[in-house]
Each structure stands twice: as C-alpha cells, then as structure tokens.
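Peer 1: give me coordinates for this.
(one chain, ligands or ions: 2)
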Amino acid sequence: MSRLFRIAIDGPAASGKSTTAKLLAKKLGFGYIDSGAMYRAVTLKCLDQGVPITDTQKVQDIAHHAKIRFPSLGTVELDGKDVSTAIRTSRIVQNISPIASNPGVRATLANQQRSLAHANDPAWSGFKHKNTEKIRGVVMDGRDIGTVILPDAELKVFIVAEPHVRAQRRYDELKEKNSLAQGETVEAIAQDLEARDEADRTRKVSPLKKAKDAIELDTSHKTIDEQVSAIEKLVYDRL
Ligand SMILES: Nc1ncnc2c1ncn2[C@@H]1O[C@H](COP(=O)(O)OP(=O)(O)O)[C@@H](O)[C@H]1O
Ligand SMILES: Nc1ccn([C@@H]2O[C@H](COP(=O)(O)OP(=O)(O)O)[C@@H](O)[C@H]2O)c(=O)n1
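Peer 2: Ligands and ions are numbered 1, 2, ... in the order given. All right, here's what the predicted structure looks like:
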C-alpha cells in the first residue's frame, strides 16, 4: 500500500524555506520542487534574451517555451543548461517582481508545478510507516503553494524569520558563493528583501499569504536541524 503526502512550505524571502525543504525531502525520501527557482529561471531567460520584464506578452511567451527541470535534489536546468548558480544572483531578484506578478507566467508555471507534484517520480522512494504503509510524496516551497498550487496538501507550513536575521543569512550565503555584487551590503539586501516581500504580498495574483490551515514556524532562533526536525515531527503527527 502507498499513500501520497504533500508538504507545502511558504513564507517571505530568505526565511529558510528551501534549505529546510531540501533537507526534509532528503530525510523522507520525497521529491523537492523549488517553485521560486522556476520564477528565477524565467527571469534569467528574459534578461539573457533582452526581453523587457514589463512586456507582459513577450515574458509570457518566454515562460511558455522555457524548459525547466530539476534533474537532482537542488539543481535546476533551463533549456538543457544547469542554471543552479546563475539564478541565485541579486540581478535576478531585482528584476523578478514584475515577472512573478504576470498572470500568464503564473498560469504556465502553476500547471507545471501541479504536474510535477503529481508525477510520483520513481526516484521518490518515500519511507515505510509503522512497517506497513509506504508513504511517498513531495515537498514544494514558494509563496502560493498552500493557498493556490496545492490547497489540499497534507501539511502546510509558513516559515518566517526576523528581517535582520534573513538579511544577514542571505548576505552570508551570497558571500560564501562569491555571488555578492560589488559593494553590496547587508542593508542593501535587507531593502531588497523588504521590497520583494511587499511586492509578493500586495500583487493581485496569488499573493504571499499564510493559508488558514498552515502552521507557522519562526526560524529566527532555530538551527537548521531544529527546523527540519520540527516539520518532520508534524509529518509523523499527521500520519
Ligand atoms: N536556522 C538557520 N540558521 C542559520 N542559517 C539558516 C537557517 N535557516 C536557513 N539558513 C540560511 O539562510 C539562507 C536563506 O535560506 P533559504 O533556505 O535559501 O531561504 P528561502 O528559501 O526562504 O529564501 C541560506 O543560506 C540558509 O543556509
Ligand atoms: N511560488 C512562488 C515562488 C516564488 N515566487 C517569486 O519568486 C521570487 C523568488 O523566490 P525564491 O523563493 O527563490 O526567493 P528567496 O526566498 O529564496 O529569496 C519571490 O520573491 C516571488 O516574487 C512567487 O511569486 N511564487
């Protein structure tokens, strides 16, 4: 016997969603779908092809023809090329908000996200529960997963953290990857996160919002291990 268990993780920028989602997926043998990476990939393609991010129709066409894949845990491919690092720069997030609020882009990516979540990929080995039932599933993170993409997910978590903690973590991450733009400071990153969260919260289509039945998890004073274990426990509680 096999049962499907879908975990929706939403929250503001740099709150710890993808780190937690990836480790949780690894622990449970679940698939991991990084929906933010898909918006980042569409943004990268627009910038590379010189398509103005405010040209609604052209951006929709780009999204429609972009072939985005997740060949392994944490890697992202765009049109056959590994873009895992290229999509993580500040240039991408500074241009992403008009693309994420484009209804045609959202419709295209939403379809792909739902079919990825239903793919039941054989690589998602899952785990045995109480020695009988096989639990297989997926962890998906983003802004609208619990509200729009998987409204009937078996578990919804809304991850938050204090703004200065998120800015410092994102700064450290970019520094470590040598992806900091020249002269980029923690303050500049804090401003970017705030502007992006505001745009995500106030857009008309699929805004960033905690689903009514989501459980809030504040990671400000938690270690990564603690936040992964907290969600893992919620999974077992629900089974
Ligand atoms: N509890 C934590 N303690 C320290 N660093 C963390 C913690 N949670 C996440 N991070 C780090 O913060 C950064 C942002 O986390 P990330 O998972 O990318 O956030 P999101 O997906 O919400 O944007 C990453 O570099 C990650 O390693
Ligand atoms: N489900 C999603 C995921 C991301 N996004 C958009 O994509 C941007 C980047 O998402 P992300 O999760 O990669 O960003 P970070 O939280 O890692 O900074 C967000 O600021 C949103 O504008 C969205 O609109 N809907």
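Peer 1: make it CA atoms for all contacts and neighbour counts henceforth
Peer 2: OK.
Peer 1: sheet partners, orientation included, of the worst-scoring helix or strand of the chain on mean pLDDT?
Peer 2: Of all helical and strand segments in the chain, the minimum by mean pLDDT, DSSP states H and E falls on strand 127-129, at a mean of 91. Neighbouring strands of strand 127-129 in its sheet, by DSSP bridges, are strand 133-142 (antiparallel).
Peer 1: what's the average pLDDT for the partner strand?
Peer 2: What strand 133-142 shows for mean pLDDT is 94.
Peer 1: can you report how many residues neighbour residue 191?
Peer 2: 14 (other C-alpha atoms under 10 Å).
Peer 1: confirm residue 51 sits in a strand?
Peer 2: No: applying DSSP: H, G, I helix; E, B strand; the rest coil, one finds residue 51 to be coil, outside a strand.
Peer 1: now do it against ligand 1, distance only.
Peer 2: 25 Å (C-alpha to the nearest ligand atom, to the nearest Å).
Peer 1: now do residue 159
Peer 2: Taking C-alpha to the nearest ligand atom, one finds residue 159 at 7 Å from ligand 1.
Peer 1: what's across from that residue in the sheet?
Peer 2: Beta-bridge partners of residue 159, counted by DSSP bridges, are residue 217.
Peer 1: and it, what does it touch?
Peer 2: Counting by C-alpha atoms under 8 Å, 6 or more residues apart in numbering, residue 159 touches 9-12, 15-17, 216-219.
Peer 1: quick one: buried ones out of these?
Peer 2: Neighbour-count burial (16 or more other C-alpha atoms under 10 Å) applied to those gives 9-12, 15-17, 216-217, 219.
Peer 1: filter the residues you listed by proximity to ligand 2?
Peer 2: Under the cut-off given by C-alpha under 6 Å from any ligand atom, ligand 2 has residue 12 from those close to it.
Peer 1: pipe the buried ones among the contacts of residue 159 into a markdown table and attach secondary structure, distance to residue 192 and pLDDT per row.
Peer 2: Converted to a markdown table, these look like this (DSSP: H, G, I helix; E, B strand; the rest coil; distance: C-alpha to C-alpha, whole Å; pLDDT from 0 to 100):
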| residue | secondary structure | distance to residue 192 | pLDDT |
| --- | --- | --- | --- |
| 9 | strand | 21 | 98 |
| 10 | strand | 18 | 98 |
| 11 | coil | 16 | 98 |
| 12 | coil | 12 | 98 |
| 15 | coil | 14 | 98 |
| 16 | coil | 16 | 98 |
| 17 | helix | 18 | 98 |
| 216 | strand | 23 | 98 |
| 217 | strand | 23 | 98 |
| 219 | coil | 20 | 98 |
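Peer 1: near ligand 2, which residues of this structure?
Peer 2: So the chain meets ligand 2 at 12-14, 35-37, 39, 96-97, 100, 142-145, 196, 200 (C-alpha under 6 Å from any ligand atom).
Peer 1: can you pick the most crowded of these?
Peer 2: Greatest neighbour count in the residues of the chain next to ligand 2, by other C-alpha under 10 Å, goes to residue 145: 30 neighbours.
Peer 1: and it, how far is that from residue 63?
Peer 2: Remark: distance between residue 145 and residue 63 (C-alpha to C-alpha, to the nearest Å) = 19 Å.
Peer 1: just the strands in this structure please.
Peer 2: For the chain, the strands defined by DSSP state E occupy 2-10, 31-34, 68-69, 77-78, 81-82, 127-129, 133-142, 155-160, 215-218.
Peer 1: which of those is buried the deepest?
Peer 2: Counting by mean count of other C-alpha atoms under 10 Å, strand 31-34 has the highest mean neighbour count of the strands of the chain, with a mean of 26.
Peer 1: anything in it near ligand 1?
Peer 2: No: Strand 31-34 does not reach ligand 1 (C-alpha under 6 Å from any ligand atom); its nearest approach is 8.4 Å.
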